[in-house]
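# Sequence first, then the predicted structure, then my questions.
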Amino acid sequence: MGKVSITINGSEVKNIYPAITIAVSAAASGDDVILFILPSGLPAFKKGAYAELNEKAPKLPDLVEMMEGLEMLGSRILICELGFEVHGLKEEDLVEGIEIVGATTFVAEAQGSDLTFSF
């Protein structure tokens with residue numbers, strides 16, 4: 001078992017699906033997974049956004065199911081606190097289970113990662 005850290009800096013299908021696919025694969029393999037959502041990625045984690053992304057990518061796996069799998073496997077999703085003002089969102093606008101942190105928290109949590117990815 002290792003540690004995998006992934007940053008997501010976009011809210012489009014091309015950013016979200018590869019990151020979540022790798023995260024689910026790593027978590028299913030027994031790795032500890034940390035996702036850090038930078039401000040540009042925040043809209044993909046609003047309530048209802050997973051379903052919208054599913055509609056844009058009907059031939060890809062169901063994002064809702066993949067996110068539920070990540071949660072069941074104990075993965076952590078951290079969102080950068082700077083994105084809220086940029087997008088005019090509030091904490092209650094997000095899906096449940098996301099931790100709001102600063103970048104320094106992610107850097108500290110990601111130390112010792114065996115693999116890192118950025119999308």
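Looks like it arrived, so ask away.
# Pull out the buried residues from the helix or strand harbouring E65.
Element membership of E65 [criterion: DSSP states H and E] is helix 63-72. For helix 63-72, burial by neighbour count (16 or more other Cβ atoms under 10 Å) applies to L63, M66, M67, G69, L70. Just so you know, the C-beta spots here come from the backbone N, C-alpha and C atoms, and that holds for glycine as well.
# would you list those in TSV and tack on distance to A57 and pLDDT?
What follows is the buried residues of helix 63-72, written out as TSV (distance: Cβ to Cβ, whole Å; pLDDT from 0 to 100):
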residue	distance to A57	pLDDT
L63	8	96
M66	12	97
M67	14	97
G69	17	96
L70	17	96
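# re the thing from before, in terms of secondary structure, what does the helix holding E65 contact?
helix 13-28, helix 49-56 (3 or more Cβ pairs under 8 Å, 6 or more residues apart in numbering; DSSP states H and E).
# Swap in 10 Å and give it another go.
Counting contacts by 3 or more Cβ pairs under 10 Å, 6 or more residues apart in numbering; DSSP states H and E, helix 63-72 packs against helix 13-28, strand 32-37, helix 49-56, strand 76-80.
# what about N54, distance to V24?
Distance, N54 to V24, using Cβ to Cβ, to the nearest Å: 15 Å.
# Quickly list what the residue minimising distance to the centre of the chain is bridged to.
The centre of the chain sits closest to L35, judged by Cα atoms, centre = their mean, with a distance of 4.6 Å. With DSSP bridges applied, L35 shows beta-bridge pairing to I6, I77.
# burial of the nearest residue to I8 once chain neighbours are set aside, as a residue count?
Closest residue to I8 apart from its sequence neighbours, by Cβ to Cβ, 6 or more residues apart in numbering: G41 at 4.0 Å. If you count neighbours by other Cβ atoms under 10 Å, G41 ends up with 23.
# Can you name every helix or strand that the worst-scoring helix or strand of the chain on mean pLDDT contacts?
Of all the helices and strands that make up the chain, helix 83-87 has the lowest average by mean pLDDT, DSSP states H and E, namely a mean of 91. Packing contacts for helix 83-87, counted by 3+ Cβ pairs under 10 Å, 6+ apart, involve no helix or strand.
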